[in-house]
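Visitor: Sequence plus predicted model, see below.
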Amino acid sequence: MSDFERVIPVLTYQDIQAAHDFLVNAFGFNGGGVHRNAEGQPIHGEVRAGDAPIWLHRVTAEHRLNSPLASDVANSGLFVYVDDVDAHYERARAAGALIDSQPVDQPYGSASMANDRRDRFGDQGNAECRTGSVVNRAP
């Protein structure tokens with residue numbers, strides 16, 4: 001078996017700067033900056049979830065990377081655990097995230113944003129918090 005130091009997810013965006021700013025503002029990731037080429041065009045960005053980096057890559061033919069907005073299916077996504085899924089939901093919704101439904105209690109002892117939230121650029125993700133037992137949310 002190989003020893004892995006870490007795995008870094010990569011999300012592909014048409015507009016790295018806008019995606020970086022949205023991920024920070026809507027979902028609370030820590031900004032890691034946007035790197036530009038000599039012409040000033042964004043070529044790489046990074047946000048962080050705690051100590052874990054998430055790389056933001058540009059659409060590029062040479063790497064065969066395209067935005068999820070280019071097709072009708074998702075090509076990547078993240079599953080994140082948060083302390084307060086309700087607060088996360090409200091923050092994301094207020095910032096313009098596309099959310100399929102409100103947080104829902106799950107029978108396995110978590111509350112999650114049921115089947116996904118998407119950023120404005122098409123990438124999917126779920127947010128969940130551990131409750132230890134099923135939370136009885138008022139209907």
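Guide: Looks like it arrived, so ask away. Values in this document were obtained by computation on a predicted structure and should not be read as measured data.
Visitor: Any idea what the nearest residue to H20 once chain neighbours are set aside is bridged to?
Guide: Excluding the flanking residues, the one nearest H20 by Cβ to Cβ, 6 or more residues apart in numbering is G45, at 4.4 Å. In short, each C-beta sits where N, CA and C put it, glycine included. Using DSSP bridges, the beta-bridge partners of G45 come out as V34, L56.
Visitor: Residues touching the longest helix anywhere in the chain, excluding its own?
Guide: Longest helix of the chain, by residue count under DSSP state H: helix 16-27. If you take Cβ atoms under 8 Å, 6 or more residues apart in numbering as the criterion, helix 16-27 is touched by 11, 13, 29-34, 42-47, 54, 56-58, 80, 88, 91-92, 95-97, 119-121, 125, 127.
Visitor: Okay, buried residues for it please.
Guide: Within helix 16-27, the residues scored as buried using 16 or more other Cβ atoms under 10 Å are 16, 18-24, 26-27.
Visitor: can I get those residues in JSON lines with pLDDT and distance to D84?
Guide: Rendered in JSON lines, the data for the buried residues of helix 16-27 read as follows (pLDDT from 0 to 100; distance: Cβ to Cβ, whole Å):
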{"residue": "I16", "pLDDT": "92", "distance to D84": "29"}
{"residue": "A18", "pLDDT": "91", "distance to D84": "26"}
{"residue": "A19", "pLDDT": "88", "distance to D84": "24"}
{"residue": "H20", "pLDDT": "94", "distance to D84": "23"}
{"residue": "D21", "pLDDT": "93", "distance to D84": "23"}
{"residue": "F22", "pLDDT": "88", "distance to D84": "20"}
{"residue": "L23", "pLDDT": "87", "distance to D84": "18"}
{"residue": "V24", "pLDDT": "92", "distance to D84": "18"}
{"residue": "A26", "pLDDT": "85", "distance to D84": "15"}
{"residue": "F27", "pLDDT": "84", "distance to D84": "13"}
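Visitor: Endpoint to endpoint, stretch 42-61 covers what distance?
Guide: 15 Å (Cα to Cα, to the nearest Å).
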